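K.L.:
Sequence and predicted structure below; questions after.
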Amino acid sequence: DTGVSQDPRHKITKRGQNVTFRCDPISEHNRLYWYRQTLGQGPEFLTYFQNEAQLEKSRLLSDRFSAERPKGSFSTLEIQRTEQGDSAMYLCASSLVSDTQYFGPGTRLTVL
Amino acid sequence: AQSVAQPEDQVNVAEGNPLTVKCTYSVSGNPYLFWYVQYPNRGLQFLLKYITGDNLVKGSYGFEAEFNKSQTSFHLKKPSALVSDSALYFCAVRGNSGYALNFGKGTSLLVTP
């Protein structure tokens, strides 16, 4: 499969714990995006990378959130000290520069 | 600022009938417009996009969309609906110098046999 992959698909954690998600983009894509989707809403932009550089972060991305793309390939999104409000679907997408964004299957986070 | 409105939470249509899912947008400059579909517990699948050129764009699975600049709309259409088209549909917009997609809240399409 040559699409965007995300791991894990589901994560259940207790409030206050740290969690990390991984995204593997389509191999030749140099842009990688993270979005968050809550129930009944469309995805909301969190951050994006061009190669290994993180070029923009949304106001939604509090200081408990950090994202990396160390070698310009896969990316990780870490949430520290999770809160119940962090429960959502976290979507990763990739694209060639300004072209169409292709999405992965998402990681569903449940914070108890 | 850019935004998308999908005025209908749900659209119901009988199989074989034409369907329309509405979308209006607001953006500075020329819009890049997209439609995505989401099946339960799945990510978003790209259907089609408008960047420039012909106002009627054709996409995957027989879907098409019409860009109307004066009405700032980008409605999704299909001549003959299938039960398997039942899903959540999202319209999204991006400015020509931007990168982040701004999504509508989605429209649930239900096609009944």
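P.N.:
The structure has been received and is ready for your questions. Residues are numbered from 1 along each chain as shown, chains lettered A, B, ... in the order given.
K.L.:
Hmm, residue B:21 is touching residue B:89, no?
P.N.:
Yes - between residue B:21 and residue B:89 there is a contact at 5.1 Å, judged by Cβ atoms under 8 Å. The C-beta positions use only the backbone N, C-alpha and C, and glycine is treated the same way.
K.L.:
can you list residues touching both of the two?
P.N.:
Between them, residue B:21 and residue B:89 share these contacting residues under Cβ atoms under 8 Å, 6 or more residues apart in numbering or on different chains: B:6, B:76, B:107, B:109.
K.L.:
ok, the second one touching residue B:90?
P.N.:
The reference is to residue B:76. No - taking contact to mean Cβ under 8 Å, the distance of 9.9 Å between residue B:76 and residue B:90 leaves them out of contact.
K.L.:
Give the residues shared as contacts by the two.
P.N.:
residue B:35.
K.L.:
mind listing what residue A:60 touches?
P.N.:
Residue A:60 makes contact with A:36, A:44-46, according to Cβ under 8 Å, 6+ apart.
K.L.:
residue ranges with poor pLDDT in chain A?
P.N.:
A:1, A:98 (pLDDT under 70).
K.L.:
Burial check on the residue of it found nearest chain B, number of neighbours?
P.N.:
Relative to chain B, the nearest point of chain A is residue A:42 (3.0 Å; Cβ to the nearest Cβ). Residue A:42 is flanked by 22 other residues according to other Cβ atoms under 10 Å in any protein chain shown.
K.L.:
hang on, it packs against residue B:92?
P.N.:
Yes - under the contact definition of Cβ under 8 Å, residue A:42 touches residue B:92, with a separation of 7.5 Å.
K.L.:
anything in contact with each of these two?
P.N.:
Between them, residue A:42 and residue B:92 share the neighbouring residues B:4, B:103-104, with contact defined by Cβ under 8 Å, 6+ apart.
K.L.:
Downstream of the helix or strand harbouring residue B:75, the next helix or strand is which one?
P.N.:
Using DSSP states H and E, residue B:75 falls within strand B:73-78. Helices and strands here follow DSSP H and E; after strand B:73-78, the next one along the chain is strand B:87-95.
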